[in-house]
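>>> could you work out the structure for the sequence below:
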Amino acid sequence: MSISSERPVSTEQIYAALAALAAEPEADPEKRPEGPQEEDRLHLLGSLLAKTELEITAATRLTEEGEIEDVLETLLGWGEQVGEDPGLAVNVLTNRLQRTAVQVSEPEAEELPPGREAAFAAVMTAVYTLSAQLHAERGDTEGTRRALSGAEEALIDILQGMHDLRVAIGDAAGPEDQPED
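Residues are numbered from 1 along each chain as shown. Alright, predicted model coming up:
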């Protein structure tokens with residue numbers, strides 16, 4: 001199954017799915033007297049994705065034994081929709097990781113706490129590493145190098161964020177605790 005061969009889901013269909021789940025956004029009759037428009041499509045898809053993720057979260061057991069079974073069951077459904085196109089699967093995964101990185105980074109925050117900074121870098125390491133593999137599979141050596149450089153920089157950021165968090169809880173010396181030369 002390839003996304004490019006399918007007819008895209010319309011704005012009306014997305015809105016109808018949200019309405020069926022009792023999750024449709026509040027309509028603003030002054031801004032949109034005729035209802036959702038094509039330019040609202042991505043916003044509505046994000047709402048539908050959030051509703052789906054919340055439903056999965058609510059349905060997932062919070063015990064170690066049960067949780068992995070629940071996750072595997074949702075992955076089966078995911079795999080049925082994505083199909084056997086490995087490029088599409090990686091594209092979906094990369095897109096999900098990028099959304100996660102943005103959510104972890106708190107875009108409105110001026111500075112992230114060290115744990116969030118490290119978590120953001122960890123997600124970006126995965127994005128860069130998947131990208132490096134795709135470039136390598138395509139024979140794009142320069143693209144592979146650029147992606148690997150991004151992954152390496154993100155790994156450094158992970159370690160720095162983890163160290164900063166250790167400093168914050170008193171498990172490691174901070175710059176002010178270092179002896180002067």
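
>>> what about P36, which helix or strand?
Assessed by DSSP states H and E, P36 sits outside every helix and strand.

>>> residue contacts, it?
T11, E12, I14, Y15, A27, L44 (Cβ atoms under 8 Å, 6 or more residues apart in numbering). From N, CA and C alone the C-beta is placed, and that goes for glycine too.

>>> who touches the helix or strand hosting E80?
E80 is located in helix 64-82, with elements delineated by DSSP H and E. Contact with helix 64-82 is made by M1, I56, A59, T60, R61, L88, A89, V92, as judged by Cβ under 8 Å, 6+ apart.

>>> find the pair from the contacts of P36 with maximum spatial separation.
I14 and A27 (14.0 Å; Cβ to Cβ).

>>> between those two, point out the one with more neighbours.
Between I14 and A27, counted using other Cβ atoms under 10 Å, I14 has the larger neighbour count: 22 against 12.

>>> show the average pLDDT along the longest helix anywhere in the chain.
Using DSSP state H to define each element, the chain has its longest helix at helix 141-168. What helix 141-168 shows for mean pLDDT is 96.

>>> just the helices in this structure please.
Using DSSP H, the helices of the chain run over 11-20, 41-59, 64-82, 86-104, 114-137, 141-168.

>>> report the angle between the helix or strand of the chain with the lowest mean pLDDT and helix 86-104.
Least confident helix or strand, the chain: helix 64-82 with a mean of 83, by mean pLDDT, DSSP states H and E. Orientation of helix 64-82 against helix 86-104 (axes from the mean of the first three to the mean of the last three Cα atoms, to 10 degrees) gives an angle of 120 degrees.

>>> put the alpha carbons of helix 64-82 into PDB.
Taking Å, rounded to 0.1, in the frame of the first residue of the first chain, the C-alpha atoms of helix 64-82 are listed here in PDB:
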ATOM      1  CA  GLU A  64       5.100  -4.500  32.400                       C
ATOM      2  CA  GLU A  65       3.600  -7.900  31.300                       C
ATOM      3  CA  GLY A  66       0.500  -6.500  29.800                       C
ATOM      4  CA  GLU A  67       1.900  -3.300  28.300                       C
ATOM      5  CA  ILE A  68       4.200  -4.900  25.800                       C
ATOM      6  CA  GLU A  69       1.300  -7.100  24.500                       C
ATOM      7  CA  ASP A  70      -0.900  -4.000  24.100                       C
ATOM      8  CA  VAL A  71       1.900  -2.200  22.300                       C
ATOM      9  CA  LEU A  72       2.500  -5.100  20.000                       C
ATOM     10  CA  GLU A  73      -1.200  -5.300  19.200                       C
ATOM     11  CA  THR A  74      -1.300  -1.700  18.200                       C
ATOM     12  CA  LEU A  75       1.800  -2.300  16.100                       C
ATOM     13  CA  LEU A  76       0.000  -5.000  14.200                       C
ATOM     14  CA  GLY A  77      -2.800  -2.600  13.300                       C
ATOM     15  CA  TRP A  78      -0.200   0.000  12.300                       C
ATOM     16  CA  GLY A  79       1.600  -2.400  10.100                       C
ATOM     17  CA  GLU A  80      -1.600  -3.500   8.300                       C
ATOM     18  CA  GLN A  81      -2.200   0.200   7.400                       C
ATOM     19  CA  VAL A  82       1.400   1.000   6.400                       C
END
